[in-house]
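>>> Give the three-dimensional model of this entry:
(2 chains)
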Amino acid sequence: MHTRFTCGGCLALLLLVAPLAVAQDSERNRFFVQQMIELAADGNAQGVDTMQRMLEQNPKPAATDAEAARAALRRGQEALAQDDNTGAALSAFLQASRDDPGNLDAFSYLGLSYRKLGQLSDAERALQIALSLDPSRAVAWFQLAQVYGLQNDQRRARGALANTYRYAQNPMRAEEILRSIAETETAEPLRNAALETLRLYQLPALAVIVPPIPVNPDIQPLNPPSGARRP
Amino acid sequence: MRFPVPVALLLALIGTPALAGQYETIDYHVQQMITYAASNDASGVLTFREQLGNLRRPQDGDANQARPLLQQGESQMARGNAKEAMNRFRQAFIADPTDANIAVALGSAYARLQRWREAERLLVYALSLAPEQSAAWLALGEVYAQAGDTQRATGAFANAYRFAADPAQLAEHLRQRATGDTRDTVRIGALQALRLMQPGENPVTANPATPAPVTPATPSTNTTDPPANSANLLGALKRGLTQLATPPGNGERPAAIPVGTSAPPGNSGQQIYRRSLPRTCLIVTFRNGKLADLGSGLLVSADGLVLTNNHVIENAQNLAVRCGERESTAEVRRRGKNPDLALLTTSLRGSDSFILNETYSPDLIGLEVFVIGNPYGLEGTFSTGIISGLREMDGVRYLQISAPISPGNSGGPVILSDGTVIGIATMGLKVGQNLNFAIASAEVIASALFDAARMKHQPLQSKKP
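Just a heads-up that it's a prediction; the model follows:
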């Protein structure tokens, strides 16, 4: 009886601890991603490299159903591209990330969908998981920078943009993207972050004197569809 | 599968990490080609050209998305709108960074905007995609010439000639630069490149259509000689220049049409709009480092004085203005509540400015007026109406106008059909329709803000008997 109890306790303990360990791994990895942002924002390339190596040494979570995950990912991409149906896309990407927790595309798109829906904390978390799976993923860094921009967190937006440039496949293209944001983005934190990033890498940068004027949100269709707000 | 543009842009960023110092590697090869070209070492140029061609090419971009943007940029550039052209070329480049023509177009647009560092980087990058693109070498030569680096300008111009599809045409282009360009470094660089590439000919007289300079710069018959002393060369060129009957254009933008010169095509409204837009300003105010309010203003002196309403700027901690394509920070020079006016100093020197019309009489009633401003941030909004009446309120003379104005128009010009400013859009009745008011220019001229030495005004028109 005592033995059975002990074994049962072990099993229960294992069942409890295993997800806990996974959760701890996930939290630790997100911490490393945060460190990469902080270090990049300070221009500490060596520190960023160290954190990147630590993340890359971690074993990747195994897929429970890789094929189902790929199918869900395709569905999500189609929902985004063809229907602009972010809600359906989000469900599909959630499914893909559950079926294959090591699929960084699933988490990257999940972050994109959450951002489009304005769920910024969820977007940040999904993108941090994507980056813990592949810390050299420029597109995920860029998306994360946009999330921080929307959260008015200029410093972290700068760190994420710095990593976008660092890991971009074509740095000249990334440089022009940064310049475009620094000169035309209406959201001030992201615009300033892009300018700071260009300066961080000692790239030519022009600080705008007159900031871009946002499109007037009160401009509405004269004949809105039924149910829509009248001007 | 097709993705919407932002998603496609994001996806295009995905890929293997860049090699450290990718641009520096490209730049090293390009600079070597320039150095060898400047010393007329063809084999050195070709060696590094080959090495440049062996560097890893970036992944293909989206040409279908980029092409229309390139065309839009070219169209804007043809209209002299370099900033807008640069924005379109930049979007085209982001869509397809593997198209050398787009990279050259963007680099050239940066050069037009005098952003030399950006221009150099784009043109060097373009040469990594197409090391034999003569246009990229030519543009890069211009950038170096502008930066005062004659040696590198010479090398880049020499490569432009070396790789030209039509060397005779390129030589003629360089010849025009050597004789007709207003900038010393461009002339010297072009002349030296011609001497390197055409050692047996007199660079500035090779084309019989080009008039011979009185004292031509003597080309060296020994191509290994060091370049001629710049000062001597310059003197010879300047003397030669004076003899040229029709110096070729230097590619600079035409100046804006000043008031009183021949009118641009279009109806009177279009003409007023085109003339007035570069002199009408967007006023941006900041508080605690954030954008606070928007208003309008007008340039009233050649050294950048901008007139607006006091209520536009009274709560601002910092100010910036955009007049046409030019931008500047601004400081309050003088302001007052009655009349509700403020005069700002900016760095927009050499500006075309409005003439204030001092007329204030019942004869004005019924005249057509034009208003430009930025209502609700809609920049450069143009509206028309008539002068509906003359009103005096709190001792200030106003024109009542029927032209529609809204918040954001405050401080903008109310213009007569002769292009002079008759009032400053200031306020309107919330009830009724198109019952709006502008402070009469006569009031501005009578106020302490008016600076007769710097601001132009049209005196009172004498009443005809």
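>>> So is the biggest strand by length in chain B next to chain A?
Looking across chain B with DSSP state E, the single longest strand is strand B:381-393. No. Using CB under 8 Å from any CB of the partner chain, strand B:381-393 stays clear of chain A, coming no nearer than 11.3 Å. For the C-beta atoms, the positions are set from N, CA and C on the backbone; glycine is no exception.
>>> where do the helices sit along the stretch 301-450 of chain B?
With helices called from DSSP state H, counting those that start in this stretch, the stretch 301-450 of chain B shows them at B:310-313, B:441-446.
>>> where does A:P204 land on pLDDT?
We have a pLDDT of 95 for A:P204.
>>> these two touch, right, it and B:Q114?
No. The pair A:P204 and B:Q114 fails to qualify as a contact (CB atoms under 8 Å) at a distance of 11.9 Å.
>>> and these two? which has more neighbours close in?
A:P204 (16 against 10; other CB atoms under 10 Å in any protein chain shown).
>>> That one in helix, strand or coil?
Three-state assignment for A:P204 (DSSP: H, G, I helix; E, B strand; the rest coil): coil.
>>> quick one: contacts for it?
A:R179, A:L198, B:R115, B:R117, B:E118, B:R121 (CB atoms under 8 Å, 6 or more residues apart in numbering or on different chains).
>>> need the helices of the stretch 301-450 of chain B in CSV with distance to chain A and mean pLDDT, can you?
Shown next, in CSV, are those (distance: least, CB to the nearest CB, whole Å; pLDDT from 0 to 100):
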stretch, distance to chain A, mean pLDDT
helix B:310-313, 14, 96
helix B:441-446, 24, 96
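>>> Let me know the pLDDT of B:V369.
Value for B:V369, per-residue pLDDT: 97.
>>> Kindly report the same for the one 5 residues further on.
The score at B:N374 is 95. That number is its pLDDT.
>>> Any idea how many residues pack against it?
With other CB under 10 Å as criterion, B:N374 counts 27.
>>> ok, it to A:N216 distance?
Going from B:N374 to A:N216 by CB to CB, to the nearest Å gives 11 Å.
>>> How about B:Q72?
Taking CB to CB, one finds B:Q72 at 24 Å from A:N216.
>>> Same question for A:G111.
30 Å.
>>> B:A111 now?
In terms of CB to CB, B:A111 sits 34 Å off from A:N216.
>>> Comparing the two, which shows the higher neighbour count?
Comparing B:A111 with A:N216 by other CB under 10 Å, the one with more neighbours is B:A111, at 23 against 12.
>>> Within range of chain B, give me the residues from chain A.
Chain A comes close to chain B at residues A:77-78, A:80-82, A:84, A:112, A:136-139, A:142-143, A:164, A:166-177, A:179-180, A:184, A:188, A:204, A:206, A:208-211, A:213-214, A:216, A:218, as judged by CB under 8 Å from any CB.
>>> pLDDT below threshold where in chain A?
A:1-24, A:224-231 (pLDDT under 70).
>>> so which residue of it comes closest to chain B?
Relative to chain B, the nearest point of chain A is A:Q169 (3.2 Å; CB to the nearest CB).
>>> quick revisit: quick one: which two of the contacts of A:P204 are the most distant?
A:L198 and B:R115 (12.6 Å; CB to CB).
>>> Who has more neighbours out of those two?
A:L198 (22 against 19).
>>> show me the contacts for that one.
So A:L198 contacts A:E175, A:L178, A:R179, A:A182, A:P204, A:A205 (CB under 8 Å, 6+ apart).
>>> Count the residues that sit near A:Q82.
The tally of other residues near A:Q82 (other CB under 10 Å) stands at 12.
>>> and stretch B:349-356, which residues are buried?
Judged by neighbour count (16 or more other CB atoms under 10 Å in any protein chain shown), stretch B:349-356 contains these buried residues: B:S351, B:D352, B:S353, B:F354, B:I355, B:L356.
>>> In terms of helices and strands, where is residue 68?
Since no chain was named, I'll use chain A. For A:A68, the host element (DSSP states H and E) is helix A:66-78.
>>> that's the wrong chain, I wanted chain B
With DSSP H and E as the criterion, B:P68 is inside helix B:63-78.
>>> Likewise for B:A126?
In this structure, B:A126 is located in helix B:116-129 according to DSSP H and E.
>>> buried set for that helix?
Here helix B:116-129 shows B:116, B:118-129 as buried, counting by 16+ other CB under 10 Å.
>>> which secondary structure elements does it contact?
Counting contacts by 3 or more CB pairs under 8 Å, 6 or more residues apart in numbering or on different chains; DSSP states H and E, helix B:116-129 packs against helix A:171-184, helix B:22-38, helix B:100-112, helix B:134-146.
>>> Just give me how far it sits from the chain centre.
How far helix B:116-129 lies from its chain's middle: 20 Å, per CA atoms, centre = their mean, to the nearest Å.
>>> what angle sits between it and helix B:134-146?
150 degrees (axes from the mean of the first three to the mean of the last three CA atoms, to 10 degrees).
>>> Of the buried residues of stretch B:349-356, which one scores lowest on pLDDT?
By pLDDT, B:S351 ranks lowest within the buried residues of stretch B:349-356, coming in at 75.
>>> pretty sure that residue contacts B:G304?
Yes. Between B:S351 and B:G304 there is a contact under CB under 8 Å: 5.8 Å.
>>> near chain A, which residues of the stretch 351-465 of chain B?
B:Y376, B:G377, B:L378, B:E379.
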